[in-house]
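Undergrad: Got a predicted structure here, sequence first:
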Amino acid sequence: MWLTSKIKQLLMVMKPGVVTLNYPHERPPVPANLRGQPVFDHQKCIGCGGCSDHCPARCILVRDVCQELRVMLYDGSRCTYCGRCADICPEQAITMSNSFEIACDQKEDITTRMELFMMTCQRCGRCYEMEKTNAIDRINLKGFRYDNLEQRALIRKTSETFDPTLLQQSDQYQRPSTKE
Amino acid sequence: MLKNLCKKMFGKSIWVYHCNTGACNGCDIEILNILTPFYDVERFGIKLVASPRHADAMLISGAVTRPTLPLVKRAYEAIPNPKLVFAIGSCATGGGAWFDTYNVTGGADKVLPVNYYIPGCPPRPEAILYGVALALGLVDKQAAPVELKQMEFPIDMYERNEAWEKRNVIYELLK
């Protein structure tokens, strides 16, 4: 009795054959709706900072270096690949690519740094409203304006006007260490 | 250098200890998925062991929470040298959406020296296999830092002026 059942098992196993995927040597096509690493198009980007406002992991950091230059840093180490930045982008400058083979030995390998030119007003020579003056609007704005790009830190502070002392503080800011 | 060292040290097979440090179980399910016959990770001689004392490598999933922090350290110290640490999932690589929360250390690299990062939320089983293959030296690293710069203003003034002139040519022909 047990022999017949074993033979039956063997036949059952023979039917599908080898199912194991020979992965690193042969790569099957990825599903079409896979959200992999986001790809940024610096030619389309207008630097509105909407992606950094809507990122749940807050991994897109924005810093105004000077009036004309804005630096956006995508820190892929804590990205959850939700695709909200691609949804929110008004210019479709962010696309979720299908590349998921992004394992690395350094965190810096999965970052994207963008330097953008920002227009100034042709009439007055000043730029558009630098800070949100409404207190309720300022709650939504997670302080991305003064992010410390080098430390990959996020400072929840905004000011009414451009404040050089606050900028200096954010430059020297370090996250409270939890190491023992 | 690390790759060559790995090839020498772990020439035969890596035994893996899986450590959940406050993950949502998404990454753990994907780790279990690579042990199934479809993505058979035992082709590379990788085996899941229950005790860290038997292990060569440690798979960390989850942002290291404060209650698990001493336990993670003890588990790491229990692994005999040489040891590899894989951070699996975006929580372990950088802290995920909770990177600056009060009860979280914010990533495995704040606690332990991490050798390989496998980002994703959760990473695909293929992505984990790719990271393991990267550690074994079977594939090359594909990720690289990207730097983009706008060298000109978004509206090309030269092209715009030319378009304006071309448009005016038609009006001059009509005259």
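TA: Thanks, I have the structure now.
Undergrad: Report the helix or strand with the lowest average pLDDT across the chain.
TA: Let's take chain A. Across the helices and strands of chain A, mean confidence by mean pLDDT, DSSP states H and E is lowest for helix A:135-140: a mean of 58.
Undergrad: To clarify, I was referring to chain B.
TA: Scanning chain B with mean pLDDT, DSSP H and E, the lowest is helix B:2-9, at a mean of 63.
Undergrad: phi, psi of A:Ala153?
TA: phi -110, psi 160 (degrees, to the nearest 10).
Undergrad: hang on, it packs against A:Asp171?
TA: No - using C-beta atoms under 8 Å, A:Ala153 is not in contact with A:Asp171, being 10.4 Å away. Where you see a C-beta, it was placed from the backbone N, CA and C, and this is true even at glycine.
Undergrad: quick one: low-confidence ranges for chain A?
TA: A:67, A:120-146, A:156-162, A:175-180 (pLDDT under 70).
Undergrad: remind me, longest helix of it?
TA: What stands out as the longest helix in chain A, according to DSSP state H, is helix A:2-14.
Undergrad: which helices and strands does the helix or strand following that one pack with?
TA: The element immediately downstream of helix A:2-14 (helix or strand, assigned by DSSP states H and E) is strand A:38-40. Packing partners of strand A:38-40 (3 or more C-beta pairs under 8 Å, 6 or more residues apart in numbering or on different chains; DSSP states H and E): strand A:69-75, strand A:94-96, strand A:111-117.
Undergrad: and strand A:38-40, which strands flank it?
TA: If you go by DSSP bridges, strand A:38-40 pairs up with strand A:94-96 (antiparallel).
Undergrad: For the residue nearest the centre of chain B, which residues count as its bridge partners?
TA: Geometric centre of chain B, nearest residue: B:Ile118, 2.0 Å, by C-alpha atoms, centre = their mean. Beta-bridge partners recorded for B:Ile118 (DSSP bridges): B:Ile88.
Undergrad: which residues does it contact?
TA: Neighbouring residues of B:Ile118 by C-beta atoms under 8 Å, 6 or more residues apart in numbering or on different chains: A:Ala103, B:Phe86, B:Ala87, B:Ile88, B:Gly89, B:Thr93, B:Ala127, B:Ile128, B:Tyr130, B:Gly131.
Undergrad: Kindly recompute the last result at 10 Å.
TA: Going by C-beta atoms under 10 Å, 6 or more residues apart in numbering or on different chains, B:Ile118 touches A:100-104, B:27, B:30, B:59, B:61, B:86-90, B:92-93, B:124, B:127-132, B:134-135.
Undergrad: Among these, which are located in strands?
TA: The members of those that map onto strands under DSSP state E are B:Leu59, B:Ser61, B:Phe86, B:Ala87, B:Ile88.
Undergrad: In terms of pLDDT, where does the last one sit?
TA: The reference is to B:Ile88. Looking at B:Ile88, its pLDDT reads 92.
Undergrad: ok, it touching B:Arg124?
TA: No - using C-beta atoms under 10 Å, B:Ile88 is not in contact with B:Arg124, being 11.3 Å away.
Undergrad: Just the buried subset of the contacts of B:Ile118, please.
TA: Listed as buried from the contacts of B:Ile118 are A:100-104, B:27, B:30, B:59, B:61, B:86-90, B:92-93, B:124, B:127-132, B:134-135; burial here means 16 or more other C-beta atoms under 10 Å in any protein chain shown.
Undergrad: Tally up the residues packed near residue 108, please.
TA: All of this is about chain A. 14 (other C-beta atoms under 10 Å in any protein chain shown).
Undergrad: The chain in question should be chain B.
TA: B:Ala108: 30 surrounding residues under other C-beta under 10 Å.
Undergrad: so how far is B:Lys47 from it?
TA: Using C-beta to C-beta, to the nearest Å, B:Ala108 is found at 22 Å from B:Lys47.
Undergrad: any common contacting residues for B:Ile88 and B:Arg124?
TA: B:Glu30, B:Ile118.
Undergrad: pLDDT weak spots in chain B?
TA: B:1-3, B:5-12, B:152-158, B:160, B:171, B:173-175.
Undergrad: again, only this time at 50
TA: Along chain B, segments meeting pLDDT under 50 are nowhere present.
Undergrad: in it, which spans are helices?
TA: So, for chain B - with DSSP H - the helices run B:2-9, B:26-33, B:69-78, B:90-94, B:125-136, B:157-174.
Undergrad: so of the ones you listed, which one's packed in deepest?
TA: Highest mean neighbour count among the helices of chain B (mean count of other C-beta atoms under 10 Å in any protein chain shown): helix B:90-94, with a mean of 31.
Undergrad: and that one, how far out from the chain's middle?
TA: Computed by C-alpha atoms, centre = their mean, to the nearest Å, the chain-centroid distance of helix B:90-94 equals 8 Å.
Undergrad: close to chain A, is it?
TA: Yes - Helix B:90-94 is in contact with chain A by C-beta under 10 Å from any C-beta of the partner chain, via B:Ser90, B:Cys91, B:Ala92, B:Thr93, B:Gly94.
Undergrad: In this structure the fourth one contacts A:Asp105, no?
TA: No - between B:Thr93 and A:Asp105 there is no contact, the gap being 11.4 Å when judged by C-beta under 10 Å.
Undergrad: what do those two both touch?
TA: When contacts are counted by C-beta under 10 Å, 6+ apart, B:Thr93 and A:Asp105 have B:Val114, B:Tyr116, B:Tyr117 as shared neighbours.
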